[in-house]
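S.K.: my questions are about this predicted structure, shown below with the sequence.
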Amino acid sequence: MTYDALLLQAAQRLSEAGSPSARIDAEVLLSYATGHNRTWLYTWGDRECAIWEQARFDALIAARAQGQPVAYLTGEREFWGLRLATSPDTLIPRPDTETLVEAVLARTPAETGRLLDLGTGTGAIALAFASEKPGWKVTGADIRPEAAQLAARNAKALAIANAQFIQSDWFSAFSSSEPTVLFDIIVSNPPYIAADDPHLREGDVRFEPLSALVAEADGMADLIHLVDAAREYLSMGGVLALEHGYTQASHVREALVSAGYHNVESVQDISGHERVTLGHL
């Protein structure tokens, strides 16, 4: 069978299984299964594929048809132009989160400083910022040691030397330091989905760690905690930037204002939803 025929057949199967991006999924998985990039597949799609390539591809398509995320099947995902290793221990980096990186970079004229990324996962946010601001010292923290280790491996693979990753339950790793470690920017994409949200039963989210998705108080508990706790670890004039659900922006703004932050504003994602809210101490 040719590569083109394989792709057509696989895309149809994934579409019938409910994939919203069936053709792209099939192309990415065929590229991974064969070692040929997507440009090669476009150019030489009329060539016959090897039996072992078809067998490997068929297994990947079967797993994807059952709902397994492409990023977990291939073990990688691109974010901010960086190729990141992924694992079921972490959330899959998503384009919406690039809004957080863009918002912070747009408000960071300084070429040196300290940034903390809480709940770093794959290290996507921390590494994107560090790649753009090599003079900054960037720290990523995650409660799961497996996540912190994965982020550190991503930093090494990408040769990003100004980012380090540690295990920490939010600020716990910094709570006993004397003097208190202060950061110019603190960012986070924390859990912000309510436990009864029906979206937890749909798509890739079904396979991602619930601890990185769900928060109490209708998804607001961790956001409120970060608003309150970050004050102790921000330098004067420092910025707190939080990703949140598209219906939570007004609640996050209110929490920031009540906690004494100023110049509070929300930023829209690529779909026009208020996805990120920032406040200055």
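M.R.: Right, received. Where do you want to start? Residues are numbered from 1 along each chain as shown.

S.K.: can you give me the helices in the stretch 151-281 of the chain?
M.R.: 221-229, 249-258 (DSSP state H, counting those that start in this stretch).

S.K.: what about the shortest one, distance to the chain center?
M.R.: If I follow you right, that is helix 221-229. 19 Å (CA atoms, centre = their mean, to the nearest Å).

S.K.: report the angle between the axes of that helix and helix 249-258?
M.R.: 20 degrees (axes from the mean of the first three to the mean of the last three CA atoms, to 10 degrees).

S.K.: so which of the helices of the stretch 151-281 of the chain gets nearest R56?
M.R.: Using CB to CB as the measure, helix 221-229 is the one of these that comes nearest R56, at 39.6 Å. Yep, even glycine has a C-beta here, placed from its N, CA and C like the rest.

S.K.: so H262 touches H280, yeah?
M.R.: Yes: using CB atoms under 8 Å as the test, H262 is close enough to H280 to be in contact (5.4 Å).

S.K.: neighbour count winner among those two?
M.R.: Taking neighbours as other CB atoms under 10 Å, H262 and H280 compare with H280 leading, 16 against 10.

S.K.: the residue lying closest to the more buried one once chain neighbours are set aside - how many residues pack around it?
M.R.: Residue nearest to H280 in three dimensions, not counting chain neighbours: N263, with 4.6 Å by CB to CB, 6 or more residues apart in numbering. The local packing count at N263 equals 12, with neighbours defined by other CB under 10 Å.

S.K.: and what of L116?
M.R.: Taking other CB under 10 Å as the neighbour definition, L116 ends up with a count of 27.

S.K.: pretty sure V101 is in a strand, no?
M.R.: No: counting by DSSP: H, G, I helix; E, B strand; the rest coil, V101 is not found in a strand; it is helix.

S.K.: list the contacts for it?
M.R.: Residues counted as contacts of V101 (CB atoms under 8 Å, 6 or more residues apart in numbering) are W80, I125, A128, F129, E132.

S.K.: redo the helices of the stretch 151-281 of the chain as TSV? Include distance to E98, mean pLDDT and mean neighbour count.
M.R.: Output for these, formatted as TSV (distance: least, CB to CB, whole Å; pLDDT from 0 to 100; neighbours: other CB atoms under 10 Å):
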stretch	distance to E98	mean pLDDT	mean neighbour count
helix 221-229	20	98	19
helix 249-258	17	98	18
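
S.K.: and of these, who's closest to Q68?
M.R.: Taking those one by one with CB to CB, helix 221-229 is closest: 27.0 Å.

S.K.: what helices or strands is the closest one leaning on?
M.R.: Other helices and strands packing on helix 221-229, by 3 or more CB pairs under 8 Å, 6 or more residues apart in numbering; DSSP states H and E, are strand 234-243, helix 249-258.

S.K.: of the ones you listed, which is nearest P20?
M.R.: For P20, the closest of these is strand 234-243, at 21.5 Å, according to CB to CB.

S.K.: can you list contacts of that closest one?
M.R.: Outside of strand 234-243, the residues that reach it under the criterion CB under 8 Å, 6+ apart are 96-97, 99-100, 103-104, 107-108, 114, 182-190, 192, 223, 226-227, 230, 252, 256, 261, 275-281.

S.K.: if you count neighbours, what's buried in that strand?
M.R.: Neighbour counts using 16 or more other CB atoms under 10 Å place L234, G238, V239, L240, A241, L242, E243 of strand 234-243 among the buried residues.

S.K.: against E146, how distant is Q12?
M.R.: Here the criterion is CB to CB, to the nearest Å. By it, Q12 lies 36 Å from E146.

S.K.: repeat for A103
M.R.: 28 Å.
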